[in-house]
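Visitor: here is a sequence together with a model predicted from it:
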Amino acid sequence: MTSDRLLDASALRDWAHTAVSDLITHTDEINRLNVFPVADSDTGTNMLFTMRSALAEANSDAGSGDVARVAAALSTGALNGARGNSGVILSQILRGIADSTARAADAAGGELGDLDVHVLGAALRRGVELVIASMGGQEIPGTVVSVLRAAADAVEECANAAEGLGRAITAAADAAVIALEKTPEQLDVLADAGVVDAGGRGLVVLLDALTATITGQAPTRSVYEPVSRPAAADAEADQPARQFEVMYLLDGCDGAAADALRQRLAQLGESVAIAASASDAGDSHSVHVHTDDAGAAVEAGLAFGRPRRIQISALTVGPTRLPPGSWTRERAVLAVVDGDGAAELFAAEGACVLRPDLHTAAGVSAQQLLRAVVDTGAAQVMVLPNGYVAAEELVAGCTAAIGWGIDVVPLPTGSMVQGLAALAVHEPDRQAVDDGYTMAQAVGATRHASVRIATERALTWAGTCQPGDGLGIAGDEVLIVAPDIASAATGLIDLLLASGGELVTVLMGAGADTTVGTICEKHVHDHHPGSELVAYRTGHRGDVLLIGVE
């Protein structure tokens, strides 16, 4: 039997990573439970986006071994990236961890190596206080606060009994489940809908992720499904809501100004949440409100500080699904591509195109992917990520799209050359399962690699490279070092064709000379009879050439 792991800086990061993965798994379940305060079916999605932002901030300082510093990064990332009411609440739970860890570090007179049971109990208790404060000081029984309070009680009891950290975390998760299952008894809207509290369910996911991180054993929980659905909600599900969800970060706003802003926003709408940052300055706040006058909500912030990262989205009542008859076609292919030439090439083959932001290297977010899927106007969408969508964002975006009532099939295309292979066998009139399987087969049968220009002297598996050399890369390994792009490309093509292949596709990026395609074509003609090469100028960024062999 292995001993429990310390909750140190590394474990805290690992917990955040596990929490993101587990939230992706449970997003759809949590969204279905979401009826309070507004039945907009996005609690799971918002918690996922917020936790991803927290993890990204913590990973930006991956070398730190100070658990207080990692906790502060999680708190900052969550506050800056908070989505929705549930995201604001989650940011305050993480701030509770940050505040209590910082106090423990100060008491220790320096860096804090790990969190013990007493610090964890204080962190959860602080989280309860901060969540209630962010909601204007009013606690509503049957919400995530009730579940969080039960978890804090359990950890404090274990601390008083001198129990170990693993036992305390397990007890906290189990107590949270008991409290979660009591939420319909405490809140009529939950009882009427036959659900437990969605935010509380999300908190259980986070606590179970912490249990798995520390003890190595992931608890098995029941899947919570709505027992019933109010007739009123059915009647309203397809009706657009008059309200908007308004969120922004507000700088230069002290505590007194935040209280005044809260009163003003309460006059404009409901679900007001204002959460302060964990910094000593205390002049930055995350602001959230549901209102039918989004402009007035933003203007209210201008009176008390400097708003930034303003997000305004329409709220819908009931599940986030498009009404029947919304589809303009049965099936579409959505391809994520980079470069003007690539966009034209994929569009000419009948695909809808989503392009990564030209001003960032972050790729495509789940929110951007969801919007693009909905914009296809199709009931069924085959998604070709082509290496531009992180796995977590792909899963989150597709899960959210399924919540809209769209059949989404993501295909494992790691490069645009694989995307072209899949698109070549796509038949919109074929059954979706057959179409998806055939396209996936084409992806799997396409070997792909790339050519990159070396920017510095380095030692690779293929030898030492100098700035300006052409590097032939497959997977994450450099297989060829050549004096120029064309030489690297022809050498890479030889390797790819060593196990056979009939068609070589070369996509030329923004840094490729027009003669490269001609050189490669002649090389295949002279050295690989029976194989054909086609080259396209796509103008993509990054690797100068993308090469595929089918």
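Guide: Great, that's in hand. Note that the structure is a prediction, hence the values are computed from the model and not measured. Numbering: from 1, shown residues only.

Visitor: surely residue 495 and residue 473 touch.
Guide: No. Using C-beta atoms under 8 Å, residue 495 makes no contact with residue 473, being 11.1 Å away. Heads up, the C-betas are built off the backbone N, CA and C, glycines and all.

Visitor: wait, isn't residue 113 in contact with residue 70?
Guide: No. Look at residue 113 against residue 70 with C-beta under 8 Å: they stay out of range, at 11.6 Å.

Visitor: so for those two, which residue has more residues nearby?
Guide: Remark: of residue 113 and residue 70, residue 70 carries more neighbours, 28 against 16, as counted by other C-beta atoms under 10 Å.

Visitor: so what's the more buried one up against?
Guide: Listed by C-beta atoms under 8 Å, 6 or more residues apart in numbering, the contact partners of residue 70 are 9, 12-13, 58, 61, 64.

Visitor: state the distance from it to residue 434.
Guide: 48 Å (C-beta to C-beta, to the nearest Å).

Visitor: let's verify the closest residue to residue 294 other than its chain neighbours: helix, strand, or coil?
Guide: Nearest non-adjacent residue to residue 294, counting by C-beta to C-beta, 6 or more residues apart in numbering: residue 244, 4.3 Å away. The local conformation at residue 244, judged by DSSP: H, G, I helix; E, B strand; the rest coil, is strand.

Visitor: and residue 244, what pLDDT?
Guide: We have a pLDDT of 81 for residue 244.

Visitor: tell me where the stretch 251-400 of the chain has strands.
Guide: Here the stretch 251-400 of the chain has its strands, by DSSP state E, counting those that start in this stretch, at 269-276, 284-291, 306-316, 329-336, 352-354, 378-384.

Visitor: quick one: closest of the ones you listed to residue 467.
Guide: Smallest distance to residue 467 across the strands of the stretch 251-400 of the chain (C-beta to C-beta): 30.6 Å, for strand 329-336.

Visitor: what packs against the closest one?
Guide: If contacts are counted by 3 or more C-beta pairs under 8 Å, 6 or more residues apart in numbering; DSSP states H and E, strand 329-336 sits against strand 352-354, helix 366-375, strand 378-384, helix 416-424.

Visitor: strand partners (parallel or antiparallel) of the third one?
Guide: What it means is strand 378-384. strand 329-336 (parallel), strand 407-410 (parallel) (DSSP bridges).

Visitor: in the stretch 151-300 of the chain, which spans are helices?
Guide: For the stretch 151-300 of the chain, the helices defined by DSSP state H, counting those that start in this stretch occupy 165-186, 188-193, 198-215, 231-236, 255-268, 294-302.

Visitor: mean pLDDT for the strands of the stretch 251-400 of the chain: which is lowest?
Guide: strand 306-316 (a mean of 78).

Visitor: deepest of the strands of the stretch 251-400 of the chain, which one?
Guide: Mean neighbours per residue, mean count of other C-beta atoms under 10 Å, is largest over the strands of the stretch 251-400 of the chain for strand 284-291, with a mean of 26.

Visitor: pull the residues that contact it.
Guide: The contact list for strand 284-291, computed with C-beta under 8 Å, 6+ apart, reads 37-38, 79-80, 82, 84-85, 88, 91, 243-251, 253, 258, 261, 265, 268-277, 297, 301, 305, 307, 315.

Visitor: now it against helix 255-268, angle please.
Guide: On the basis of axes from the mean of the first three to the mean of the last three C-alpha atoms, to 10 degrees, strand 284-291 is oriented at 10 degrees to helix 255-268.

Visitor: and strand 284-291, which strands flank it?
Guide: According to DSSP bridges, strand 284-291 has these partners: strand 240-251 (antiparallel), strand 269-276 (antiparallel).

Visitor: let me have those in JSON lines, extended by distance to residue 154.
Guide: JSON lines is the format used below for the strands paired with strand 284-291 (distance: least, C-beta to C-beta, whole Å):
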{"stretch": "strand 240-251", "distance to residue 154": "32"}
{"stretch": "strand 269-276", "distance to residue 154": "25"}
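
Visitor: using the three-state scheme, assign residue 533.
Guide: Of the three states, residue 533 takes strand under three-state DSSP.

Visitor: count of neighbours near it?
Guide: Neighbours of residue 533 using other C-beta under 10 Å come to 20.

Visitor: on the strand side of things, show who it bridges to.
Guide: Taking DSSP bridges, one finds residue 504 as the beta-bridge partners of residue 533.

Visitor: can you pull out the helices in the stretch 351-500 of the chain?
Guide: Taking DSSP H, counting those that start in this stretch as the criterion, the stretch 351-500 of the chain contains helices spanning 366-375, 391-403, 416-424, 432-444, 485-497.

Visitor: for residue 144, which of those helices is the nearest?
Guide: Closest approach to residue 144 among those is made by helix 391-403 (20.5 Å; C-beta to C-beta).

Visitor: what does the closest one rub up against?
Guide: Taking C-beta under 8 Å, 6+ apart as the rule, helix 391-403 contacts 20-21, 24, 27-28, 31, 41, 45, 48-49, 52, 319-321, 363-370, 373-374, 381, 383, 385, 389, 408, 410.

Visitor: got a PyMOL select line for the buried ones in the residues you listed?
Guide: The buried residues among the contacts of helix 391-403 can be selected in PyMOL (16 or more other C-beta atoms under 10 Å) with this line:
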select buried, resi 20+21+24+27+31+41+45+48+49+52+319+320+321+363+364+365+366+367+368+369+370+373+374+381+383+385+389+408+410
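
Visitor: which of the helices of the stretch 351-500 of the chain is buried the deepest?
Guide: helix 416-424 (a mean of 26).

Visitor: okay, the angle between that one and strand 378-384?
Guide: 140 degrees.

Visitor: list the helices and strands helix 416-424 packs on?
Guide: Applying 3+ C-beta pairs under 8 Å, 6+ apart, one finds that helix 416-424 contacts strand 329-336, helix 340-348, strand 378-384, helix 432-444, strand 503-508, strand 545-549.

Visitor: right, and the ones you listed - which one's nearest residue 484?
Guide: Among the helices and strands packed on helix 416-424, the nearest to residue 484 by C-beta to C-beta is strand 545-549 (11.7 Å).

Visitor: any idea how the protein splits into domains?
Guide: The chain breaks down by automatic domain parsing into domains covering 7-222, 240-316, 329-431, 447-549.

Visitor: ok, of those, where does mean pLDDT dip lowest?
Guide: For these, where the average pLDDT is lowest is domain 240-316, sitting at a mean of 82.

Visitor: which one is residue 79 nearest to, not counting chain neighbours?
Guide: residue 91 (4.5 Å).

Visitor: which helix or strand contains the one you found?
Guide: Element membership of residue 91 [criterion: DSSP states H and E] is helix 84-108.

Visitor: quick one: distance of that helix to the chain centre.
Guide: How far helix 84-108 lies from its chain's middle: 21 Å, per C-alpha atoms, centre = their mean, to the nearest Å.

Visitor: list the helices and strands that helix packs on?
Guide: If you count contacts as 3+ C-beta pairs under 8 Å, 6+ apart, helix 84-108 packs onto helix 43-59, helix 67-80, strand 114-115, helix 117-134, helix 144-160, helix 198-215, strand 269-276, strand 284-291.

Visitor: fine by me, thanks again.
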